[in-house]
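K.L.:
need a structure here:
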Amino acid sequence: MKKWSILLLLLIALPALAQKNNNAERYLKTPAPQEWAAMTEGNSAIDDELFQQTLPVDDEWWKKFGDPVLDSLIAVAVDQSFDVLMAIDRMNMAKYSLRIARSNFFPTISFGAGWTKEQSSGKVTQEAQGREEYYDAAASLSWEIDIFGRIRNQARAEKELFYASKEDYTSTMISMAAQVASAYINLRAAQQELIVIQKNCEEQKVTVNITEARYNAGLASKLDVAQAKSTYFSTKASIPSAELNIVQYMNSIAILLGVYPQQVRSLLSTVQAIPEYIEPVGVGIPVEMIRRRPDLRAAERNVRAQAAKVGAAKSDFAPKITVNGSVGYMAKDLKDFFGHRAFTYEIAPALSWTIFSGGDLINSLKSAKADLDQVINQYNSTVLTAIQETDNAMEGYKSYIKQVMELRETCYQYQEALTLSINLYKEGLSPFQNVVDAQKSLLTYQSQLVQAKGACLIQLITLYKALGGGWNN
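P.N.:
Numbering: from 1, shown residues only. Purely as a prediction, here's the structure:
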């Protein structure tokens, strides 16, 4: 009874060493602006039309493009992308680590049985040489009583890491959808750019025929024919490069889907227009975005996990209390094995307390606190990066929409200029150089218009990704 009283006094005298888990929330105080920079500087009517301070869309933003091929590609990537499969594996690993940590709450029970036959030496002591033979079987138990929270903090850390792995999985899904959609838009833009080149080739071929007819009639010089042909063949020479871009984008999509290029080319070879989509985007405010982005939520979970590890390191300064015991039977003859007198048991509570370890516990605690500072700084850096990505995407989306509007008008005017210059050239009222200049400029700006349309949609995809939308885990 006296031993149990001493143990109770020790437990009462050491409550200060029982440290609870650090609250990670007090470390997550990186101030966020109240508005996006893209909506505060250079505000115009187009800003009000494009961006709204409402909560952004959560799920499947790509379906707003109305392209069933894109929808099917992302559906395949969800099932077959190796990046997604690896994220699932990491999540399962974290889940099993959590279960391992939680298993420490329970006692360890083992069973052992055996037969022993031994003979003592008669040359070591004065006693006569003897032999002994017996059977034994016993169940033993060892259980650490988690009074000071060491096991509890370790389990809490693994729990936070498991939830962080789930957020990483969601982040992978969002990134996968954005990558597939961006590669698909690049593919459609490359196909449309090839169509622009081929169409200009056809029109320039007609111009070559006109110059040859005028030269044969003595109405034009050989220089006009040479200029027309050089423009035509220069445009024609750019076709292989455009075709190569198409093949490369198809291969990129195949890799993202986790399939071979041959498996997707038949689906993607059918030319389609770039999806037309210019709609207001709900961007909310920076603080709301911080709560929505899975990578930020994962970073916050990592802070909480490391804070729990600091708590576990503090708990190592406290004593460890374990309960050991066994119950079983032991007898020399099997016929007496389960008899009343063969029954054995042992109960052995124990307390262990590291008084001195050469600074091991102190340095372990300092290391855990340094790791905590590191993940806090990483979280703050991730917040800044997320806000920067969102502002950049908003500015890019807005800029490309303006560029598309201007390029449409530019292409229209150069088409008019080309038509007029050809008509005037036929009547002998304008030099052929005006036709050449108009043809080259029209091809350049039509290609730029296609590229700007694709870049505009890619910036929109980047914006949805930056806002953390696209997948509901």
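K.L.:
drop to CA atoms for contacts and neighbour counts, all remaining ones
P.N.:
Will do.
K.L.:
in the strand or helix carrying residue 350, what's buried?
P.N.:
If you go by DSSP states H and E, residue 350 is part of strand 343-352. Under the neighbour-count criterion of 16 or more other CA atoms under 10 Å, strand 343-352 has residue 343 buried.
K.L.:
parallel or antiparallel, which strands does it pair with?
P.N.:
Strand pairing for strand 343-352, using DSSP bridges, gives strand 320-331 (antiparallel).
K.L.:
could you dump the strand it pairs with to PDB, C-alpha only?
P.N.:
Extracted in PDB, the C-alpha atoms of strand 320-331 (Å, rounded to 0.1, in the frame of the first residue of the first chain):
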ATOM      1  CA  LYS A 320       6.700   6.900 -18.200                       C
ATOM      2  CA  ILE A 321       4.400   4.600 -16.300                       C
ATOM      3  CA  THR A 322       3.900   1.100 -17.600                       C
ATOM      4  CA  VAL A 323       1.900  -1.900 -16.300                       C
ATOM      5  CA  ASN A 324       3.500  -5.300 -17.000                       C
ATOM      6  CA  GLY A 325       2.000  -8.600 -16.100                       C
ATOM      7  CA  SER A 326       1.600 -12.200 -17.100                       C
ATOM      8  CA  VAL A 327      -0.700 -15.100 -16.400                       C
ATOM      9  CA  GLY A 328      -0.200 -18.800 -17.200                       C
ATOM     10  CA  TYR A 329       0.700 -22.300 -16.100                       C
ATOM     11  CA  MET A 330       3.900 -24.200 -15.300                       C
ATOM     12  CA  ALA A 331       4.400 -27.800 -14.400                       C
END
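K.L.:
what average pLDDT does that strand get?
P.N.:
Per-residue pLDDT over strand 320-331 has a mean of 90.
K.L.:
please apply the same query to stretch 226-244.
P.N.:
92.
K.L.:
next one: stretch 155-166
P.N.:
Here stretch 155-166 scores 92 as its mean pLDDT.
K.L.:
and residue 289, how far is that from residue 304?
P.N.:
Separation of residue 289 from residue 304 (CA to CA, to the nearest Å): 20 Å.
K.L.:
of those two, which one has the most company?
P.N.:
A direct count of neighbours by other CA atoms under 10 Å for residue 289 and residue 304 places residue 304 higher, at 28 against 22.
K.L.:
element containing the more buried one?
P.N.:
Assigned by DSSP H and E, residue 304 falls in helix 294-315.
K.L.:
then that helix to CSV, C-alphas only?
P.N.:
Output in CSV follows, covering the C-alpha atoms of helix 294-315 (Å, rounded to 0.1, in the frame of the first residue of the first chain):
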residue,chain,number,x,y,z
PRO,A,294,-6.2,22.6,-50.5
ASP,A,295,-2.5,23.3,-50.5
LEU,A,296,-3.0,26.0,-47.9
ARG,A,297,-5.2,23.7,-45.8
ALA,A,298,-2.5,21.0,-46.1
ALA,A,299,0.2,23.6,-45.0
GLU,A,300,-2.0,24.4,-42.0
ARG,A,301,-2.4,20.8,-41.1
ASN,A,302,1.4,20.4,-41.2
VAL,A,303,1.7,23.2,-38.7
ARG,A,304,-0.7,21.5,-36.4
ALA,A,305,1.1,18.2,-36.8
GLN,A,306,4.4,19.8,-35.9
ALA,A,307,2.9,21.6,-33.0
ALA,A,308,1.7,18.2,-31.7
LYS,A,309,5.2,16.8,-32.1
VAL,A,310,6.5,19.7,-30.0
GLY,A,311,4.0,18.6,-27.3
ALA,A,312,5.2,15.0,-27.6
ALA,A,313,8.8,16.2,-27.2
LYS,A,314,7.8,18.0,-24.0
SER,A,315,6.1,14.9,-22.7
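K.L.:
buried sites along that helix?
P.N.:
For helix 294-315, by 16+ other CA under 10 Å, it's 294-315.
K.L.:
likewise stretch 315-333?
P.N.:
For stretch 315-333, by 16+ other CA under 10 Å, it's 315-322, 324-326, 328-332.
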